[in-house]
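# model this:
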Amino acid sequence: MLQKAIDYIEDHIKDEIDPEKLAAMAGYSPYHFYRIFHKHTGFTIMDYVVKRKLQYAMYELANGEKIIQIAMDYGFETHSGFTKAFKKCFGSPPSLYKLHCPLSLPQKLNLLSLHEKIQAESLCSRRSRSGARFM
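The predicted structure is shown next:
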């Protein structure tokens, strides 16, 4: 259900995202959805949405789009608001990133593969700890 919400965010990245609509799509109350989302992603819903918007914006910067146009396309009300959010997220203003940012689209979060990776790391960690005790 969370992956469905993440997929919706990706598909509607330039739209205004309503967290309550995401909760309804996932079949949870907003309160419970906020908690589950944060637990599984490490982000609040809107922090995740803003970060994804900024990652897509970075891609558009690399492809020569104007900063003000990108800001408007991704729902930021002003150039300065976009610049402030961008700098907070990436540590540098968009004008600097425009010169050095990656040319590929950001990868979407896949909760299933993330969960599998965490399980595998946990299993390896347990094996190495249990092996160390017997030596």
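# so what's the closest residue to residue 50 other than its chain neighbours up against?
Once flanking residues are discounted, residue 50 sits nearest to residue 85: 6.3 Å by Cβ to Cβ, 6 or more residues apart in numbering. No exception for glycine: its C-beta is placed from N, CA and C like everyone else's. With contact set as Cβ atoms under 8 Å, 6 or more residues apart in numbering, residue 85 has these partners: 50, 54, 76.
# Only the buried subset of those, as a PyMOL command please.
Once 16 or more other Cβ atoms under 10 Å is used to decide burial, the buried members of these can be selected in PyMOL as follows:
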select buried, resi 50+54+76
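# Where strands are concerned, which of the contacts of residue 85 count?
Helix and strand membership here follows DSSP state E; of these, not one is in strands.
# pLDDT and distance to residue 90 for the contacts of residue 85 - can I get that in JSON lines?
Rendered in JSON lines, the data for the contacts of residue 85 read as follows (pLDDT from 0 to 100; distance: Cβ to Cβ, whole Å):
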{"residue": "50", "pLDDT": "95", "distance to residue 90": "12"}
{"residue": "54", "pLDDT": "94", "distance to residue 90": "7"}
{"residue": "76", "pLDDT": "94", "distance to residue 90": "15"}
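# Out of the contacts of residue 85, the closest to residue 108 would be?
Out of the contacts of residue 85, the one with the shortest distance to residue 108 is residue 54. That distance is 14.7 Å, counting by Cβ to Cβ.
# do you know how far that closest one is from residue 89?
Distance, residue 54 to residue 89, by Cβ to Cβ, to the nearest Å: 5 Å.
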